[in-house]
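Asker: Show me how the following folds:
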Amino acid sequence: MNAAELKSEIFKPLNSLENNKIKEFYGLVLNFVNGQNDIEEWHTLSEEQRQGLLAAEEQIKKGNGIAHLKIVDKYNKKLLGI
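Answerer: Numbering: from 1, shown residues only. Next comes the predicted model:
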């Protein structure tokens, strides 16, 4: 099947979907496309950057991360005096 035929096959079931299902499908497509970009972006990182991210992921898995809200609170207090 060529690209035009594949596109036609993809669009056929979309025509019968309800609005909320179309939005859900759109989200899936965006996630797929953005996921592909993320994979491509990984290869543009230096080895040191990749190792840093992998090490950070391991720390989070071990429970050694800092909650997002704690960081936000810290910097709100420091920078904004909140």
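Asker: quick one: least confident helix or strand in this protein?
Answerer: Every helix and strand of the chain was ranked by mean pLDDT, DSSP states H and E. The lowest is helix 19-42, at a mean of 80.
Asker: Give me the residues contacting that one.
Answerer: 14, 17, 50 (Cβ atoms under 8 Å, 6 or more residues apart in numbering). For glycine as for every other residue, the C-beta is placed from the backbone atoms N, C-alpha and C.
Asker: export stretch 72-79 as PDB, just CAs?
Answerer: Listed next in PDB are the C-alpha coordinates belonging to stretch 72-79 (Å, rounded to 0.1, in the frame of the first residue of the first chain):
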ATOM      1  CA  VAL A  72       8.500  25.300  43.200                       C
ATOM      2  CA  ASP A  73       7.900  26.400  46.800                       C
ATOM      3  CA  LYS A  74      11.600  26.800  47.400                       C
ATOM      4  CA  TYR A  75      12.100  29.100  44.400                       C
ATOM      5  CA  ASN A  76       8.900  31.000  45.000                       C
ATOM      6  CA  LYS A  77      10.100  31.800  48.400                       C
ATOM      7  CA  LYS A  78      13.600  32.700  47.300                       C
ATOM      8  CA  LEU A  79      12.800  34.600  44.100                       C
END
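Asker: what about that stretch, average pLDDT?
Answerer: Mean per-residue pLDDT for stretch 72-79: 89.
Asker: Can you list the neighbours in contact with it?
Answerer: With Cβ under 8 Å, 6+ apart as the criterion, stretch 72-79 contacts Ile82.
Asker: Pull the distance from the helix or strand following the least confident helix or strand of the chain to the chain's centre.
Answerer: Remark: after helix 19-42, the chain's next helix or strand is helix 47-61, criterion DSSP states H and E. Here helix 47-61 is found 17 Å from its chain centre; the criterion is Cα atoms, centre = their mean, to the nearest Å.
Asker: Same check on stretch 42-57?
Answerer: Computed by Cα atoms, centre = their mean, the separation of stretch 42-57 from the middle of its chain amounts to 16 Å.
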